[in-house]
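>>> Give me a model of this one.
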Amino acid sequence: MRSQLYVSLGSAIALLGITLGAAWAVAYAAGAVLITLNLWALARVVQHLVYVRKGATFTLLVIFYGKLIISGLGLYLVLAVWHLPVWGLVAGLSTVVVNLTAWGLKTFGHKA
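Numbers count the residues shown, from 1 in each chain. A predicted model of the protein is given here:
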């Protein structure tokens, strides 16, 4: 989670500073924040549900649909209301893929 914060928010702040707040950089930052919040929520839910014996399915469904609704509202704001570029948003959302791939390659072959 820490590396996701460094990669996504660091790159978003750097892009916003370099481009002086261009629409593409704002879309990138919005995507990076949205996906980071999703990853954080997923990490918190998994840590909690590992120890729950009763009602885990219901809790997981409520949290999943809650995240889905919040993500949908965020995407609606970015695309339909603010009319920010789609490719900037996609690039921001892909920070989690890049980060998890880098983490997996870094830890591949190491025993825990």
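>>> Give me the pLDDT value at Ala112.
Ala112 is assigned a predicted lDDT (pLDDT) of 60.
>>> again but with Leu16, I slipped
For Leu16, the predicted pLDDT is 96.
>>> Measure how buried it is and give me the count.
Around Leu16 there are 15 other residues, counting by other Cβ atoms under 10 Å. In this view, the C-beta of every residue, glycine as well, is placed from N, C-alpha and C.
>>> can you check Val78 too?
22.
>>> my guess is it meets Ala30, correct?
Yes - assessed by Cβ atoms under 8 Å, Val78 is found in contact with Ala30 at 4.9 Å.
>>> where do the contact lists of the two overlap?
Common neighbours of Val78 and Ala30 (criterion: Cβ atoms under 8 Å, 6 or more residues apart in numbering): 84, 89.
>>> Helices of this structure, residue ranges please.
2-4, 10-19, 23-49, 56-76, 86-93, 95-107 (DSSP state H).
>>> quick one, the fifth one and helix 23-49 angle?
Put plainly, it is helix 86-93. 30 degrees (axes from the mean of the first three to the mean of the last three Cα atoms, to 10 degrees).
>>> distance between helix 86-93 and the chain's centre?
The chain centroid and the centroid of helix 86-93 are separated by 11 Å under Cα atoms, centre = their mean, to the nearest Å.
>>> With the fourth one instead?
Relative to the chain's own centre, helix 56-76 is displaced by 13 Å; criterion: Cα atoms, centre = their mean.
>>> So which elements touch it?
Applying 3 or more Cβ pairs under 8 Å, 6 or more residues apart in numbering; DSSP states H and E, one finds that helix 56-76 contacts helix 23-49.
>>> quick one, the helix it packs on and helix 56-76 angle?
170 degrees.
>>> so who does the closest residue to Val26 other than its chain neighbours touch?
Leaving out its chain neighbours, the residue that sits closest to Val26 by Cβ to Cβ, 6 or more residues apart in numbering is Leu84, at 5.9 Å. Leu84 is in contact with 23-24, 26-27, 30, 78, counting by Cβ under 8 Å, 6+ apart.
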